[in-house]
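A.B. asks: When you get a sec, could you give me coordinates for this:
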Amino acid sequence: AECLSEITDTAGPVDAKEELLDECESLWKQMEEYQSKLMSLGTETLPPSDTKLSLLMLQWKALTVECRHWQTKNPEIISTSPDVLLELGKEELQKAKSDLEMVLSAVRLKNRKLEEDLKREQQWYEEQKQMLDTLNEIEEEANTQVEQPSTKREFSDLENEILNLRIFRKELLSALGEFLDEHFPHPGKGENTKHKKSSAEPAVDLITLQEILESVMNKLITTPCEPYVTIDESFWPPYIELLLRYGIVVRHPQDPKRIRLQAFHQ
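C.D. replies: Alright, predicted model coming up:
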């Protein structure tokens, strides 16, 4: 008798598995019977006048019967075997743990991105605040010294310096444009023009290297907190690789299709 009890104890998990499989097969047969009944309901002759409405009515009737069935039916336990319930509980806990780990990883990644955005916005806010304070100080000094002739002379000198800087900037940009036009012409011109005449025209007009530089510089000045420019089909890839190779622009750390001007002022 002791040997028989030991054999039944060791075979417990196997018997529990077989019992669970038998119960699943029984439930599957019941589902097949219900499915056959529903199919038999769907084989009725439908009036040709409104076939869609008739199908919807049949589906509504079937769902009503099934709803009433589940409302009157008491929940049944799949199995009363402790081994089966233990294994099912372990599987559910493992699945819940995996789902929660995925959610935790996604939340951490989102929090990290939000922290980076917050840090960048705070830096931009501090820069704007510092600039505003400086402008307020200049305005206060100008208001207190507006009556002094020396202040007028200083303003005149400052205006002349600003004018000279604007002239110098214009000359510098003009010289840069001439240099780029000479050494880095438009992608649609040059030696490849002869070969392109025989082929179809491109869907998007390519822009010059000067236009690429102007776009990244303007983006850095207008929105310093978000200085990245998206690369589209109008950007010629060889010019992009040239700017990246010589460190004039850098790619976004997470999006390779976005570039920005190198922060030479930092």
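
A.B. asks: And the helices in this protein, which stretches?
C.D. replies: Remark: helices assigned in the chain by DSSP state H are 2-10, 12-42, 51-72, 82-144, 149-183, 193-197, 209-222, 237-245.

A.B. asks: What is the fifth one packed up against?
C.D. replies: Packed against helix 149-183 by the contact rule (3 or more C-beta pairs under 8 Å, 6 or more residues apart in numbering; DSSP states H and E) you find helix 209-222. In short, each C-beta sits where N, CA and C put it, glycine included.

A.B. asks: For the helix it packs on, name the packing helices and strands.
C.D. replies: Using 3+ C-beta pairs under 8 Å, 6+ apart: helix 209-222 touches helix 149-183, strand 229-230, helix 237-245, strand 258-261.

A.B. asks: Nearest approach to Gln122 belongs to which of those?
C.D. replies: Closest approach to Gln122 among these is made by strand 258-261 (19.0 Å; C-beta to C-beta).

A.B. asks: what's the average pLDDT for stretch 53-68?
C.D. replies: Averaged across stretch 53-68, pLDDT comes to 82.

A.B. asks: got the buried residues for that stretch?
C.D. replies: Neighbour counts over stretch 53-68 (16 or more other C-beta atoms under 10 Å) mark Leu58 as buried.

A.B. asks: quick one on the thing from earlier: turn the helices of the chain into a markdown table, columns for distance to Arg251.
C.D. replies: Formatted as a markdown table, the helices of the chain follow (distance: least, C-beta to C-beta, whole Å):
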| stretch | distance to Arg251 |
| --- | --- |
| helix 2-10 | 63 |
| helix 12-42 | 54 |
| helix 51-72 | 54 |
| helix 82-144 | 16 |
| helix 149-183 | 22 |
| helix 193-197 | 29 |
| helix 209-222 | 12 |
| helix 237-245 | 7 |
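
A.B. asks: And those helices, which one averages the lowest pLDDT?
C.D. replies: Taking mean pLDDT as the measure, helix 2-10 is lowest among those, coming in at a mean of 41.

A.B. asks: Could you identify which of the helices and strands packed on helix 209-222 is most buried?
C.D. replies: Of all the helices and strands packed on helix 209-222, strand 258-261 has the most neighbours on average by mean count of other C-beta atoms under 10 Å, namely a mean of 20.

A.B. asks: just to revisit the earlier point, among the helices and strands packed on helix 209-222, which comes closest to Leu206?
C.D. replies: The closest of the helices and strands packed on helix 209-222 to Leu206 is helix 237-245. By C-beta to C-beta, the value is 8.8 Å.

A.B. asks: Okay, angle between the closest one and helix 209-222 too, please.
C.D. replies: 50 degrees (axes from the mean of the first three to the mean of the last three C-alpha atoms, to 10 degrees).

A.B. asks: okay, helix 237-245 in PDB with CA atoms only?
C.D. replies: Listed next in PDB are the C-alpha coordinates belonging to helix 237-245 (Å, rounded to 0.1, in the frame of the first residue of the first chain):
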ATOM      1  CA  PRO A 237      23.300  63.300 -50.200                       C
ATOM      2  CA  PRO A 238      26.900  64.100 -51.300                       C
ATOM      3  CA  TYR A 239      26.700  67.600 -49.900                       C
ATOM      4  CA  ILE A 240      25.200  66.200 -46.600                       C
ATOM      5  CA  GLU A 241      28.100  63.700 -46.300                       C
ATOM      6  CA  LEU A 242      30.600  66.600 -47.000                       C
ATOM      7  CA  LEU A 243      29.200  68.700 -44.200                       C
ATOM      8  CA  LEU A 244      29.200  65.800 -41.800                       C
ATOM      9  CA  ARG A 245      32.700  64.700 -42.700                       C
END
